[in-house]
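A.B. asks: With the sequence up front, the predicted model follows.
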Amino acid sequence: MSKGEQTREMILAQAAQLFSRQGYFGSSLSDIMHETGLEKGGIYNHFTSKEQLALEAFDYAYELLDQRIRSFLAGKTHAVDRLLAIVSYFQSLIDDPVVDGGCPILNTAIEADDAYPVLRDRAKAAMDSLRGTLERIISKGIERQEIRPEVDVDTCVTVFIATTEGAVMLSKLYQDPLHMQRAVAHLTRYIETDLRA
């Protein structure tokens, strides 16, 4: 990796942390300069605008999340084990966050809602990917008779994401992991009693 590529990667890493912690609109160019230790020209040498940096920093953060999910799913083939791994992944966002500030998908979805549609669309695409992962796990689980056949896949996915993302938000808001611990306990029971075939 060239020195320029290393600098660009460092800017993305620092900006991803900053935007996740303070939000896109809450982070000024001065904040980005402070985080990276670079002057304005040093940042704009690699990114044409704050908007481009925000989009690429979101992609960078999402890639870190995706790698972590894959590591939690690695080696697990039974649908129940894979769902429990997803629950553990969300627990890890509280115990050992990938980026500061909770879940970048949740934070970006809330902040960019109507104010920044391009960033909102990026968050929606990331959420679509997470939803797709859960849909595949549950659908294959039904096919393999690991998950009960009467389970409604879409409802299950909504319950999973609403519970886990809500728990991330509550745990961050109150600075108390108890909210995630409760969600993990609830989803574990749900998987073992309502979903397991």
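C.D. replies: Arrived safely.
A.B. asks: only C-alpha atoms for contact and neighbour calcs from this point on.
C.D. replies: Will do.
A.B. asks: Check which helices and strands the longest helix seen in the chain sits against.
C.D. replies: Taking DSSP state H as the criterion, the chain has its longest helix at helix 117-143. For helix 117-143, the elements it packs on are helix 50-73, helix 79-95, helix 104-111, helix 153-174, judged by 3 or more CA pairs under 8 Å, 6 or more residues apart in numbering; DSSP states H and E.
A.B. asks: list the helices and strands the one helix or strand in the chain whose mean pLDDT sits lowest packs on?
C.D. replies: Least confident element among the helices and strands of the chain, by mean pLDDT, DSSP states H and E: helix 104-111 (a mean of 88). If you count contacts as 3+ CA pairs under 8 Å, 6+ apart, helix 104-111 packs onto helix 3-22, helix 50-73, helix 117-143.
A.B. asks: Could you tell me the angle between it and helix 117-143?
C.D. replies: With axes from the mean of the first three to the mean of the last three CA atoms, to 10 degrees defining the directions, helix 104-111 sits at 130 degrees from helix 117-143.
A.B. asks: now the angle from helix 104-111 to helix 153-174?
C.D. replies: Using the same axes, to 10 degrees: helix 104-111 against helix 153-174 is 80 degrees.
A.B. asks: for helix 104-111, which positions count as buried?
C.D. replies: 104-109, 111 (16 or more other CA atoms under 10 Å).
A.B. asks: Show residues contacting that helix.
C.D. replies: By CA atoms under 8 Å, 6 or more residues apart in numbering, the surrounding residues in contact with helix 104-111 are 20, 23-25, 58, 61-62, 119-120, 123-124, 126-127, 165.
A.B. asks: Then stretch 71-83?
C.D. replies: 85-86, 88-89, 134, 137-138, 140-141, 146-147, 191-192, 195-196.
A.B. asks: redo that, cut-off 7 Å
C.D. replies: Stretch 71-83 is contacted from outside by 85, 89, 137-138, 141, 146, 191, 196, using CA atoms under 7 Å, 6 or more residues apart in numbering.
A.B. asks: Quote the end-to-end distance of that stretch.
C.D. replies: Stretch 71-83 has its terminal residues 13 Å apart, counting by CA to CA, to the nearest Å.
A.B. asks: Could you give the average pLDDT over that stretch?
C.D. replies: Averaging pLDDT along stretch 71-83 gives 98.
A.B. asks: Report the buried residues of that stretch.
C.D. replies: Residues of stretch 71-83 classed as buried by neighbour count (16+ other CA under 10 Å): 72-73, 79-80, 82-83.
A.B. asks: repeat for stretch 86-94
C.D. replies: Neighbour-count burial for stretch 86-94 [16+ other CA under 10 Å]: 86-91, 93-94.
A.B. asks: cool, and stretch 4-18?
C.D. replies: 7-9, 11-18.
A.B. asks: and those as JSON lines, adding pLDDT and distance to M169?
C.D. replies: Formatted as JSON lines, the buried residues of stretch 4-18 follow (pLDDT from 0 to 100; distance: CA to CA, whole Å):
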{"residue": "T7", "pLDDT": "94", "distance to M169": "32"}
{"residue": "R8", "pLDDT": "95", "distance to M169": "30"}
{"residue": "E9", "pLDDT": "95", "distance to M169": "28"}
{"residue": "I11", "pLDDT": "96", "distance to M169": "26"}
{"residue": "L12", "pLDDT": "96", "distance to M169": "24"}
{"residue": "A13", "pLDDT": "95", "distance to M169": "22"}
{"residue": "Q14", "pLDDT": "95", "distance to M169": "22"}
{"residue": "A15", "pLDDT": "95", "distance to M169": "21"}
{"residue": "A16", "pLDDT": "94", "distance to M169": "18"}
{"residue": "Q17", "pLDDT": "92", "distance to M169": "17"}
{"residue": "L18", "pLDDT": "93", "distance to M169": "17"}
